[in-house]
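1. return a 3D structure for these sequence lines:
(chains A and B)
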Amino acid sequence: MSGKTLYDKIWDAHVVGQDGEETILYIDLHLIHEVTTPQAFAGLRDANRRVRRPDRTLAVADHNVPTEGQGLGVDAVKDEEARLQLQTLGQNVAWAGIEFFPMGDIRNGIVHVVGPEQGRTQPGMTIVCGDSHTSTHGAFGALAHGIGTSEVEHVLATQTLRQRKARNMLVRFVGQPGPGVGPKDYALALIGRIGTAGGTGHVMEYAGEAVEALSMEGRMTLCNLTIEAGAKAGLIAPDQTTYDYLMGRPAAPKGGAWEMALPYWKSFFSDPDAAFDREIEIDVSLLEPQVTWGTSPEDVLPISGVVPDPESFASEDKRAAAHRALDYMGLKAGQPISEAKVDRVFIGSCTNSRIEDLREAAAILKGRTVAAHVSAMVAPGSGLVREQAVEEGLDRIFIEAGFDWREPGCSMCLGMNPDRLAPGERCASTSNRNFEGRQGRGGRTHLMSPAMAAAAAIKGHIADVREFA
Amino acid sequence: MRPFDKLTGPAAPLPIANLDTDQLIPKQFLKTVTRKGLAKGLFYDFRFDFDGTPKPDFVLNQPAYQGVNILICGDNFGCGSSREHAPWALLDYGVRCVIAPSFGDIFYNNCFENGLLPIRLPAEEVHALMDEARGGNHRFSVDLEAQTVTSPSGKVFQFDIHPGRKEKLLGGLDSIGETLQQAPAIDSYETARARQTPWLEKAS
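-> Next comes the predicted model:
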């Protein structure tokens, strides 16, 4: 009998029982936000049910908050529907006794930035949230994935989910990356290789020396994009980097509790003889900085690449999708991607809005200015990230380069708040989805790393950050 | 939840791969606190111009495809965002069954929570069904008990589904009610877990 994977071990530690073909899995931490929860709380109340573990639940306001004027409070939010959703969340958490970082609280921010920052995300946990990018928390060796609103209601009522076990997939990133190449490029290269359905039905564990060398923030970027490969969750085994990050955070165990937690956390790794249903290896030393050309995160090119010919795709569906994508993106087959002129630059999102992301972009922007025709903005991932950036003087670098320095939130990653692309605008974005209309109807999104987005802002077109070395 | 057993009606082909939930229902329709009235946002950018005029070319806007209750779609349908507004919008529009070669995981799960049947069939069978759906005004039948889709020409396609999921749709069962019957098991798990990871009990 072969050993167990990291996923197997976390799964086994959370089995409450079996009901037919479904396993009832205990949930350690439930993160909630304003957009995917109002119907869940309404459902609870309609059925006369209560929240079972408010202490295992944490609420933030992130998806539709404006990134200006947050200090004026929720009642000053201009968008009537957004305001009602934010007010509803406030009422629901008060009703249930759930801890809440409201808009304007320095601890508030994007849910997948806040959980780790507060030390709520820890190894060996199960974590869910009504948001697909919950995969981010897998960076700590926690089984974390997005759920729908019905499941949010189920977790609120029972602190469990009814689950079927996924298959195990191992993705090894080996080698040493060249300059200008990092976790965003690893993830895009993977999605480009296996496709947005490549991980469907699997939990992906990331391993290899290139992963071990990543900081926690880099690991979060990598795990964040797991959902764009279609996998249920991404996982990285905890190690000293993980423990160093956690030490001293508000919700991390202290003193004797830390001493008790550490050996428990260290038990979460894949056994050497564990069997994976599928394995993939990518040599990061061969990667250039990556950028997307189309309307799916699998439409990936190295920065030196040219826009592909739609007729070169294997299936009829893919050929049709590629034709449609080129038309939507306003690009031509054979055109070097670096020729694409950008109108907007967005640095932010749960993928790339942490302090290291801001440092990475600021290092390129320092002493340089944004191209005259480009409108650029940065939305830090949380109030605490923003404060840290100000302490380090990064806000000055962004502002002096010509960036708009905003307040925290999901912002233009999905454009639920006023931050949106106009039709036809092309954007170099550090976010996670280049879907049609994602950042604003008719908007054209190119996904890339913070350093690459900074390079595009300066050059005014998609550019190779290595030219700034 | 409304039970699902049999469905007969017209189907529309949507031969687009990776049709994500942002396309199914764009962001501006997520700012709601109810599950109702979301049909107006379904495939919004496909159905309407910037000024709100219906686009005559889009399949669901064509007279022959009015009243469809089945969609026949490309690979990886419903990938992306976890928004349950996607199945809510489909149901509100009248769609109760989606047939595709594969689905995004979260969307697939969300369907079963709402009485919407997602059917996985091999790509060539999906293409055959799409061909028969072209032109509209045809009647397809879905029988969940028998696990079959019958095309207008009478071809029968057998599909797989987890027995538990089938039972849930057939009975319109409430997952929360079922899980709450296991409350004693959750209680005892929590007691044991509190001993194993006491620091998590003091997290807030």
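2. output the lowest mean pLDDT helix or strand found in chain A.
-> helix A:316-329 (a mean of 92; mean pLDDT, DSSP states H and E).
3. pull out the buried residues from that helix.
-> Buried residues in helix A:316-329, defined by neighbour count with 16 or more other CB atoms under 10 Å in any protein chain shown: A:317-322, A:324-326, A:328-329. From N, CA and C alone the C-beta is placed, and that goes for glycine too.
4. filter those by proximity to chain B?
-> Within the set of the buried residues of helix A:316-329, contact with chain B (CB under 8 Å from any CB of the partner chain) is found for A:317-318, A:320-321, A:324.
5. right, and the helix or strand after the least confident helix or strand of chain A?
-> Of the helices and strands lying after helix A:316-329 in sequence (DSSP states H and E), the nearest is strand A:344-347.
6. average pLDDT across that following strand?
-> Taken as a whole, strand A:344-347 carries a mean pLDDT of 98.
7. contacts for whichever helix or strand comes after that strand?
-> Later in the chain than strand A:344-347, the nearest helix or strand by DSSP H and E is helix A:355-365. For helix A:355-365, contacts defined as CB atoms under 8 Å, 6 or more residues apart in numbering or on different chains pick out A:182, A:215, A:217-218, A:221, A:347, A:378, A:380-381, A:385, A:388-389, A:392, A:394, A:397-398, A:401, A:403, A:430, A:449-451, A:453-455, A:457-458, A:465, A:468.
8. low-confidence ranges in the chain?
-> If you meant another chain, say so; for now it's chain A. Within chain A, the segments meeting pLDDT under 70 span A:1.
9. wait, I meant chain B there
-> For chain B (pLDDT under 70), the answer is B:202-204.
10. and the strands in chain B?
-> Counting by DSSP state E, one finds strands in chain B at the ranges B:6-9, B:11-14, B:70-73, B:97-100, B:117-120, B:140-143, B:148-150, B:156-158.
11. surely B:Ser175 touches B:Lys168?
-> Yes - the criterion here is CB atoms under 8 Å, and B:Ser175 meets it with B:Lys168 at 7.4 Å.
12. excluding chain neighbours, what is closest to the residue nearest the centre of chain B?
-> In chain B, the centroid-proximal residue (CA atoms, centre = their mean) is B:Cys111; its distance is 4.1 Å. Of all residues not flanking B:Cys111 in the chain, B:Pro118 sits nearest, at 4.6 Å (CB to CB, 6 or more residues apart in numbering or on different chains).
13. what's around the one you found, how many residues?
-> 25 (other CB atoms under 10 Å in any protein chain shown).
14. now for it: which residues touch it?
-> B:Pro118 neighbours (CB under 8 Å, 6+ apart): B:77-78, B:97-100, B:103, B:107-108, B:111-112.
15. quick check: chain neighbours aside, which residue is closest to B:Leu42?
-> Sequence neighbours aside, B:Ala89 is the residue nearest to B:Leu42 in space, at 4.2 Å (criterion: CB to CB, 6+ apart).
16. ok, now which ones touch the one you found?
-> B:Ala89 touches B:24-25, B:29, B:38-39, B:41-42, counting by CB under 8 Å, 6+ apart.
17. B:Val156 now?
-> Counting by CB under 8 Å, 6+ apart, B:Val156 touches B:148-150.
18. so which bits of the stretch 201-350 of chain A are right by chain B?
-> Counting by CB under 8 Å from any CB, the stretch 201-350 of chain A sits next to chain B at A:201, A:227, A:230, A:232, A:251, A:253, A:257-258, A:260-261, A:264, A:296, A:298, A:315-318, A:320-321, A:324.
19. which of these are buried?
-> By 16+ other CB under 10 Å, those give A:201, A:227, A:230, A:232, A:251, A:253, A:257-258, A:261, A:264, A:296, A:298, A:317-318, A:320-321, A:324 as buried.
20. including distance to B:Gln182, could the contacts of B:Pro118 go into a markdown table?
-> A markdown table is the format used below for those (distance: CB to CB, whole Å):
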| residue | distance to B:Gln182 |
| --- | --- |
| B:Phe77 | 33 |
| B:Gly78 | 29 |
| B:Cys97 | 31 |
| B:Val98 | 31 |
| B:Ile99 | 34 |
| B:Ala100 | 33 |
| B:Phe103 | 28 |
| B:Phe107 | 27 |
| B:Tyr108 | 24 |
| B:Cys111 | 24 |
| B:Phe112 | 19 |
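21. my guess is A:Lys381 contacts A:Arg354, does it?
-> Rather than Lys, residue A:381 is Gly. Yes - A:Gly381 sits in contact with A:Arg354 when judged by CB under 8 Å, with a separation of 5.4 Å.
22. and those two? Which one has more around it.
-> Neighbours were counted for A:Gly381 and for A:Arg354 using other CB under 10 Å; A:Gly381 has more, 32 against 29.
23. rewinding a little: of the contacts of helix A:355-365, grab the buried ones for ChimeraX.
-> In ChimeraX syntax, the buried subset of the contacts of helix A:355-365 is picked out as below (16+ other CB under 10 Å):
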select /A:182,215,217,218,221,347,378,380,381,385,388,389,394,397,398,401,403,430,449,450,451,453,454,455,457,458,465,468
